[in-house]
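Q: Give me a 3D structure for the following:
(one chain, ligands or ions: 3)
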Amino acid sequence: MDNSNIHQQGDCWEDKAWNLLSKVRQQSPLIQCITNFVSMDIVANTLLSAGASPAMIHAVDEICEFTPVVHALCINVGTLTPEWLPAMKSAAALAAELGKPWVLDPVAAAASSFRLKACLDLIELKPTVIRGNGSEIIALSNASVGHSKGVDSLHTSTDALEAAKSLAQASGSVVAVSGAVDLITDGHRFVGAHNGVPMMQLITATGCSVTALISAFVAVDPSHAFEAAASALSIFGIAGEMGMNLAKGPASLRVHLIDSLYNLNEATVKNRVKITSLP
Ligand SMILES: Nc1ncnc2c1ncn2[C@@H]1O[C@H](COP(=O)(O)OP(=O)(O)O)[C@@H](O)[C@H]1O
Ligand SMILES: Cc1ncsc1CCOP(=O)(O)O
Ligand SMILES: [Mg+2]
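A: Ligands and ions are numbered 1, 2, ... in the order given. Okay, here's the model as predicted:
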């Protein structure tokens, strides 16, 4: 989508997004990922393509040595079992204590009481950003399991607008809801990121990947988590748009999305970022 004629109320989102991607490329932040088995490969490759350094280190015995040296932590409950929870909680608590940014992906939070409680307990440990789909954010905001289809959403991001706002206000986290339009709020400000293509939903773990990318963006600018989350969502969407120009279906889109993220240049980013303020 060509962005050259869109005015963004002086927000200069295209500059912010490009500056953050450039910082990730320059600084190559180390991102600890405690993530699900399905997503490990694409999450690591997304982070590497963006210039960050992923490490899937999740044994509870390693947290006290490793978490203190990372630049950000990404926790994803996608294939959660009771054995994984202590490491997640211990890493999140340590990151919060050390003032390091950490990001939560509440995969399928609406699907079971076990998952929902785990996510709500993790939110007590003050994630910098929570990124989920519409059904996940609604379940967290209502603190109740509900309407969902496993890891997929039965809600649009817009359905979750009020839920995102109250979750952000209650938790103090930036909340991002992905979908056709990605919504980002800190409880007071609201923006929509309008990049991406529908076929991204047909590649498993694209949601997990964009959550990890948010972790990398927050790592290089921890005091501007709202801007970092919106920029990462927009940049990932642009990589999807560029990849779609070359793809024949979901499998080749996966490859081309990662290549496109790696190859994004200033002109493409600044021309395509589409982030708008919402009332
Ligand atoms: N209809 C759509 N149009 C454009 N981009 C989309 C659409 N649906 C999802 N995306 C993008 O796909 C990625 C994954 O989002 P989503 O499918 O909502 O997450 P999850 O996989 O966690 O349910 C995000 O970057 C999002 O912006
Ligand atoms: C299919 C699946 N099952 C458990 S985790 C997972 C991956 C979910 O990834 P995403 O939320 O990014 O679609
Ligand atoms: Mg997901």
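Q: is it true that Val269 touches Trp13?
A: No: the pair Val269 / Trp13 is not scored as a contact, 10.3 Å apart, by C-beta atoms under 8 Å. For every residue, glycine as well, the C-beta is placed using N, CA and C.
Q: Could I get the contacting residues of Ala111?
A: Each residue near Ala111 by C-beta atoms under 8 Å, 6 or more residues apart in numbering is listed here: 145, 148, 150-151.
Q: Is ligand 1 within reach of stretch 29-42?
A: No: using C-beta under 6 Å from any ligand atom, stretch 29-42 stays clear of ligand 1, coming no nearer than 9.5 Å.
Q: what does the one helix or strand Glu97 maps to contact?
A: Assigned by DSSP states H and E, Glu97 belongs to helix 85-98. For helix 85-98, contacts defined as C-beta under 8 Å, 6+ apart pick out 32, 34, 58-60, 63-64, 67-68, 70, 72-73, 75, 77, 101-102, 104, 118, 121-122, 125-127.
Q: Flag every residue of this structure that's near ligand 3.
A: Selection of the chain residues close to ligand 3 by C-beta under 5 Å from the ion yields 107, 207.
Q: The spatially most central residue of the chain: helix or strand, and which one exactly?
A: Nearest to the centroid of the C-alpha atoms of the chain, with distances taken as C-alpha atoms, centre = their mean, sits Thr211, at 2.1 Å. In this structure, Thr211 sits in helix 206-220 according to DSSP H and E.
Q: anything in the longest helix along the chain near ligand 2?
A: Ordering each helix of the chain by length in residues (DSSP state H) puts helix 225-244 first. No: for helix 225-244, no contact with ligand 2 is found by C-beta under 6 Å from any ligand atom; the gap never falls below 11.4 Å.
Q: quick one: that helix to chain centroid distance?
A: 10 Å (C-alpha atoms, centre = their mean, to the nearest Å).
Q: Now do Asn133 against Val103, distance only.
A: The gap separating Asn133 from Val103 is 15 Å, by C-beta to C-beta, to the nearest Å.
Q: swap in Val269?
A: 21 Å.
Q: Then Ser90?
A: 16 Å.
Q: Can you pick out the residue with more neighbours from the two?
A: Set side by side, Ser90 and Val103 show more neighbours around Val103, with 34 against 18, by other C-beta atoms under 10 Å.
Q: So that one: helix, strand or coil?
A: strand (DSSP: H, G, I helix; E, B strand; the rest coil).
Q: show me what contacts it?
A: 72-75, 127-131, 211-212, 214-215, 218.
Q: PyMOL command for the buried members of those?
A: PyMOL command restricting those to the buried ones, with burial defined by 16 or more other C-beta atoms under 10 Å:
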select buried, resi 72+73+74+75+127+128+129+130+131+211+212+214+215+218
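Q: ok, the contacts of Val103 vs ligand 2, which is closest?
A: Thr211 (7.7 Å; C-beta to the nearest ligand atom).
Q: That closest one touches Cys74, doesn't it?
A: Yes: proximity of Thr211 to Cys74 meets the contact threshold set by C-beta under 8 Å, at 6.2 Å.
Q: okay, and the common contacts of these two?
A: 103, 105.
Q: Near ligand 1, which residues of the stretch 101-250 of the chain are found?
A: Going by C-beta under 6 Å from any ligand atom, the residues of the stretch 101-250 of the chain near ligand 1 are 133, 152-153, 178-180, 182, 196-198, 200-201, 206-207, 210, 233, 236-237.
Q: Narrow those to just the buried residues.
A: 133, 153, 178-179, 182, 196-197, 200-201, 206-207, 210, 233, 236-237.
Q: tell me which of the residues you listed is nearest to ligand 2?
A: Nearest to ligand 2 among those, with distances taken as C-beta to the nearest ligand atom, is Gly207, at 2.9 Å.
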